[in-house]
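Student: need the 3D shape of this:
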Amino acid sequence: MRKILTTALFALLGLQASLSAGEGWMTDFKAAKAKAAAENKPILVDFTGSDWCGWCIKLDKEVFSQAAFQEYAEEELVLVELDFPRAKKQSAELKAQNEALAQHYGIRGFPTILVLSPEGKLIEKTGYRRGGAEQYVDHIQEIVASVQ
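Tutor: Now for the predicted structure:
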């Protein structure tokens, strides 16, 4: 019985890791759309090169890792990270999903941030902006308010 419970625990942890990139970030786009629809929240998608793109790393450090952004996002957004790393390992399925979504949304550079409706329809495309987390939250709030 103990072995079965241990196996089940590891399976759940593995599933959670495949759906999340970090604090509050999901990597499974279909699961994120389902969550966004259920919670009636917009989706913020971060197309990033997390281990090589200087502006991506700067955006994460100055905005996404800050409490002001995290608190806002937890209440108001569904976060999706679509990573294109050079050194980090990814599953073939995750790579294929990320490539297909980059092509679908016409991504040409990193970081590209998309604000999408819960159904995945593009609301606005943006990227790195100076000013820190509070100003970035204001920017995202303006985008979301433009469609309400």
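
Student: now do the helices in this structure.
Tutor: With DSSP state H, the ranges of helices along the chain come out as 2-19, 29-39, 54-59, 67-76, 92-104, 132-145.

Student: looking at those, which is nearest to residue 84?
Tutor: Of all the helices of the chain, helix 92-104 sits nearest to residue 84, with 6.3 Å by CB to CB. For every residue, glycine as well, the C-beta is placed using N, CA and C.

Student: state the pLDDT value of residue 100.
Tutor: At residue 100, the pLDDT value in this model is 98.

Student: how close does it get to residue 146?
Tutor: Distance, residue 100 to residue 146, by CB to CB, to the nearest Å: 27 Å.

Student: in the sheet, who's paired with the residue nearest to residue 79 when sequence neighbours are not counted?
Tutor: By the measure of CB to CB, 6 or more residues apart in numbering, the closest residue to residue 79 outside its immediate chain neighbours is residue 25, 4.7 Å from it. Assessed by DSSP bridges, residue 25 has beta-bridge partners residue 22, residue 79.

Student: residue contacts, residue 25?
Tutor: By CB atoms under 8 Å, 6 or more residues apart in numbering, the contact list for residue 25 reads 46, 79-81.

Student: which among those residues end up buried?
Tutor: Buried members of the contacts of residue 25, scored by 16 or more other CB atoms under 10 Å, are 46, 79-81.

Student: ok, so of those residues, who is nearest residue 121?
Tutor: Using CB to CB, the buried ones among the contacts of residue 25 come closest to residue 121 at residue 80, 14.4 Å.

Student: now the closest one: how far from residue 131?
Tutor: 23 Å.

Student: what stretches of the chain score poorly on pLDDT?
Tutor: Residues of the chain that meet the criterion pLDDT under 70 lie in 1-22.

Student: for stretch 79-93, which positions count as buried?
Tutor: For stretch 79-93, by 16+ other CB under 10 Å, it's 79-84.

Student: do the same with stretch 64-83
Tutor: 64, 66, 69-70, 72-73, 77-83.

Student: need the max-distance pair from those.
Tutor: 72 and 83 (21.9 Å).

Student: for stretch 79-93, C-alpha coordinates in PDB please.
Tutor: Output in PDB follows, covering the C-alpha atoms of stretch 79-93 (Å, rounded to 0.1, in the frame of the first residue of the first chain):
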ATOM      1  CA  LEU A  79      -0.100  32.800 -16.700                       C
ATOM      2  CA  VAL A  80       1.600  30.700 -19.400                       C
ATOM      3  CA  GLU A  81       5.300  30.400 -20.000                       C
ATOM      4  CA  LEU A  82       6.300  29.200 -23.500                       C
ATOM      5  CA  ASP A  83      10.000  28.700 -23.200                       C
ATOM      6  CA  PHE A  84      12.600  28.300 -26.000                       C
ATOM      7  CA  PRO A  85      15.700  27.500 -24.000                       C
ATOM      8  CA  ARG A  86      19.100  26.600 -25.500                       C
ATOM      9  CA  ALA A  87      20.500  24.600 -22.500                       C
ATOM     10  CA  LYS A  88      17.400  23.500 -20.500                       C
ATOM     11  CA  LYS A  89      15.800  20.200 -21.400                       C
ATOM     12  CA  GLN A  90      12.200  20.000 -22.600                       C
ATOM     13  CA  SER A  91      10.000  17.200 -23.700                       C
ATOM     14  CA  ALA A  92       9.300  16.700 -27.400                       C
ATOM     15  CA  GLU A  93       5.600  17.500 -26.800                       C
END
